[in-house]
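1. When you get a sec, could you give me coordinates for this:
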Amino acid sequence: MSEVRDRAMLLRRIAYGESSLVVHMLTAGHGRIALMAKGARRAKSPFRATLAPLHELDVAWRPGRTGMGTLTGAERGEPLLPEHLMYDGLELSALASGIFQEGEPQGFEELRMACRLLAERAGTTGLLAAAWYLLDQGGWVGSLGHCWHCGREAEPLYWSKGYLHCADCDRGAEVSRGACRGILGHMRSPRVYLPEHDVRTWRTMVQDVLRLHGLRILSSLASQNNSANRRDA
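-> Predicted coordinates for the structure are as follows:
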């Protein structure tokens, strides 16, 4: 079969045999794909230096007739994040790997946008905004300001079991209209200020959705939560 080229971002590398890798990538035009990178673990393989996460890659592969294709070329572009944000970026890549499955068309632009949200927002809220964006693009969270069960616009809303409810559908921790508007505003612009109590509410919401879908809690969010608890003690 003829060779295919596309822009891509690396999600996972899995050792295969003595010297090869199975690589999972999000591509701009083909969604998530898995490819065999033959000999990629050998010392002289060009793939050793180019197959790096959090970089935009220019990749080429031959599609398989029945199974996965074979990676034939890869060139690495500029990093998507500065060095000090690489760890959080890796956590976003792991989250994207759990949300966007093989055969689905989206994922590439969504992860790029998540990295941009992370880079544009300092400290606590950068990872929250980026993670919320990926969860929203994956269809795992609903509209803020509306009940996720009945769809009714209501005030106040309540957070429980990974969902936002109106009073008629369920009760839990109250989420004010101001908090919902603040989160939406901060998603649009890093200049929108979020009070610390709204940041904590948002952090709880993200963590609960991850638990609901069986995904690992982002360690940076967990450490932020622990720091907040120590301040309150």
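
2. Where do the strands of the chain begin and end?
-> 4-16, 20-27, 31-37, 55-62, 69-79, 157-160, 163-165, 173-175 (DSSP state E).

3. which secondary structure elements does the third one contact?
-> The elements that strand 31-37 packs onto, with contact taken as 3 or more Cβ pairs under 8 Å, 6 or more residues apart in numbering; DSSP states H and E, are strand 20-27, strand 55-62, strand 69-79. The way it works is simple: take the backbone N, C-alpha and C, and place the C-beta from them, glycine included.

4. Swap in 6 Å and give it another go.
-> The contact analysis (3 or more Cβ pairs under 6 Å, 6 or more residues apart in numbering; DSSP states H and E) places strand 31-37 against strand 20-27, strand 69-79.

5. who wins for proximity to residue 221 among the strands of the chain?
-> Closest to residue 221 of those, according to Cβ to Cβ: strand 157-160, at 15.8 Å.

6. quick one: contacts of the closest one?
-> Residues from elsewhere that reach strand 157-160 (Cβ atoms under 6 Å, 6 or more residues apart in numbering): 164, 165, 170, 171, 172, 173, 174, 175, 205.

7. Which of the residues you listed sits closest to residue 71?
-> For these, the nearest to residue 71 is residue 205 (38.2 Å; Cβ to Cβ).

8. hang on, the earlier thing: now the contacts of strand 157-160 in TSV, with neighbour count, pLDDT and distance to residue 72?
-> Conversion of these to TSV gives the following (neighbours: other Cβ atoms under 10 Å; pLDDT from 0 to 100; distance: Cβ to Cβ, whole Å):
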residue	neighbour count	pLDDT	distance to residue 72
164	24	96	47
165	21	94	51
170	16	91	53
171	12	89	57
172	14	92	52
173	12	93	52
174	12	94	56
175	23	94	50
205	23	95	43
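
9. Would you point out the most distant pair within these?
-> Greatest spatial distance among these (Cβ to Cβ): 171 and 205, at 15.7 Å.

10. by contact count, what packs against the longest helix anywhere in the chain?
-> Ranked by residue count under DSSP state H, the longest helix found in the chain is helix 196-212. Under the contact criterion of 3+ Cβ pairs under 6 Å, 6+ apart, helix 196-212 touches helix 124-137, helix 177-188.

11. what's the closest of those to residue 11?
-> Proximity to residue 11, assessed across the helices and strands packed on helix 196-212 by Cβ to Cβ, is greatest for helix 124-137 (12.4 Å).

12. what about the closest one, average pLDDT?
-> Averaged across helix 124-137, the pLDDT comes to 94.

13. Give the full set of residues in contact with residue 29.
-> Residue 29 touches residue 6, counting by Cβ under 6 Å, 6+ apart.

14. Now tell me which helix or strand of the chain has the poorest mean pLDDT.
-> helix 219-232 (a mean of 60; mean pLDDT, DSSP states H and E).

15. Alright, calling it a day.
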